[in-house]
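**Q** Build me a structure from this.
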Amino acid sequence: MKESEVNVANSKEVISDSQEPFFGYTLSIISGKWKLLIIYHLSRNGAVRYNELQRMLGKITYKTLSTTLKEMQSDGLVHRKEYPQIPPKVEYSLTEKGNSLWPIIQGMCQWGEHNKEK
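**A** As a prediction, the model looks like this:
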């Protein structure tokens, strides 16, 4: 059986062939330039309207944000709530599955803090 070694937090962990599909699945869920940032902002701010999220992200186009949010909805990471009013109001928030990625993002932030060149 082939195994890949990964250095995690100063200890060696072994990822077996049977675990690699889960690693690939996780990467496919969070891949892309904007998904981690969207998760980050939604986890810190709760339910957010579309334009508010677009301002938080900065230079993201309407189409890119729309497509990314639809992908994240499809993957079960983001919940879209429509309010029946005029003008229309839509809010986005993280689902339980989306919130479960927050510890991973916090770990990435800590890694960046410790490894950023000063």
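**Q** Tell me which residues are up against stretch 72-80.
**A** 29, 35, 38-39, 42, 69, 90-95, 97-98, 101 (Cβ atoms under 8 Å, 6 or more residues apart in numbering). From N, CA and C alone the C-beta is placed, and that goes for glycine too.
**Q** Now do it: distance to the chain's middle.
**A** Relative to its chain's centre, stretch 72-80 lies at 10 Å (Cα atoms, centre = their mean, to the nearest Å).
**Q** So for that stretch, what gets flagged as buried?
**A** Buried positions in stretch 72-80, judged by neighbour count with 16 or more other Cβ atoms under 10 Å: 72, 75, 77-79.
**Q** same deal with stretch 25-43?
**A** Across stretch 25-43, burial judged by 16+ other Cβ under 10 Å covers 29, 34-35, 37-43.
**Q** what does stretch 96-113 give?
**A** 98, 101, 105.
**Q** quick check, nearest of the buried residues of stretch 72-80 to T64?
**A** When the buried residues of stretch 72-80 are compared for distance to T64 (Cβ to Cβ), M72 wins out at 12.4 Å.
**Q** Check the secondary structure at the most centrally placed residue in the chain for me.
**A** Of all residues in the chain, the one closest to the mean position by Cα atoms, centre = their mean is L36, 3.4 Å from it. For L36, the assignment made with DSSP: H, G, I helix; E, B strand; the rest coil gives helix.
**Q** Report the spatially closest residue to it, excluding sequence-adjacent ones.
**A** I30 (5.7 Å; Cβ to Cβ, 6 or more residues apart in numbering).
**Q** so which pair among the buried residues of stretch 25-43 is furthest apart in space?
**A** I29 and H41 (17.0 Å).
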